[in-house]
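Could you work out the structure for the sequence below:
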Amino acid sequence: MADNAQTHQGFYGPISDDIWQRAQKIKLLICDVDGVFSDGRIYLSNSGEESKAFHTRDGYGVRSVLTSGFNVAVITGRKSKIVENRMTALGICDIHQGVDDKFVPFNTLMKKYNVSADEVAYIGDDMVDLPVMKAVGLAVCVADGHPFVKQHCHMVTNIKGGHGALRELTDLLLLSQNKFEDAHGMSI
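Predicted coordinates for the structure are as follows:
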């Protein structure tokens with residue numbers, strides 16, 4: 001195998017050298033919510049109350065990267081008290097909801113954390129995520145994301161959104177930067 005075709009072993013399968021090198025540079029992780037933190041389904045009761053399911057593995061992964069020096073933010077098109085509560089419980093301070101143009105908060109976050117686009121990872125699942133995905137150093141689509149989005153990202157997770165796909169990415173970030181064993185997560 002040629003040096004430029006080297007692969008690294010991750011917990012979820014082999015990782016190309018390109019993705020590994022991209023992951024090594026990441027300082028800021030930006031996440032979509034519906035289809036990433038959740039499976040994309042929204043449950044509405046007869047009274048109009050909304051509910052979603054979040055996976056504790058993803059929560060553990062977010063806590064692990066936060067306690068390892070990464071910054072984490074969410075940008076989502078929908079606005080929901082459930083999302084605010086969940087992200088706040090995880091320790092995410094940058095919660096951008098009801099956003100039509102995700103590029104605006106993306107630029108704000110890069111300035112806030114003084115990072116270049118190459119130092120940003122973004123995980124999403126649908127067309128609205130593409131403008132930011134095309135700009136970042138590591139663009140990730142969940143396994144059950146839109147086929148067109150999968151064609152325009154650097155990595156597709158092995159796990160579906162809402163079922164631990166975000167944890168797959170956080171594990172990669174920690175492994176590539178030799179921070180995995182010292183990371184302190186919490187299943188919340």
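
Would you mark the buried spots in stretch 46-60?
52, 54-55, 57-60 (16 or more other C-beta atoms under 10 Å). All C-beta spots, glycine's among them, are computed from the backbone N, C-alpha and C.

Relative to Asp118, how far out is the closest residue in space to Ile82 that isn't next to it in sequence?
The shortest distance from Ile82 to any non-neighbouring residue, by C-beta to C-beta, 6 or more residues apart in numbering, is to Lys52 (5.6 Å). To Asp118, Lys52 is 32 Å away according to C-beta to C-beta, to the nearest Å.

Over to Val149?
According to C-beta to C-beta, Val149 and Asp118 sit 20 Å apart.

rewinding a little: would a markdown table of the buried residues of stretch 46-60 with distance to Pro14, pLDDT and secondary structure be doable?
Output for the buried residues of stretch 46-60, formatted as a markdown table (distance: C-beta to C-beta, whole Å; pLDDT from 0 to 100; DSSP: H, G, I helix; E, B strand; the rest coil):
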| residue | distance to Pro14 | pLDDT | secondary structure |
| --- | --- | --- | --- |
| Lys52 | 32 | 88 | coil |
| Phe54 | 28 | 93 | coil |
| His55 | 24 | 93 | coil |
| Arg57 | 21 | 95 | helix |
| Asp58 | 22 | 96 | helix |
| Gly59 | 26 | 96 | helix |
| Tyr60 | 23 | 96 | helix |
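
So of these, which two are at opposite extremes in space?
For those, the maximum inter-member distance is 17.9 Å, found between Lys52 and Tyr60 (C-beta to C-beta).

which SS state does Ala53 fall under?
Assigned by DSSP: H, G, I helix; E, B strand; the rest coil, the conformation of Ala53 is coil.
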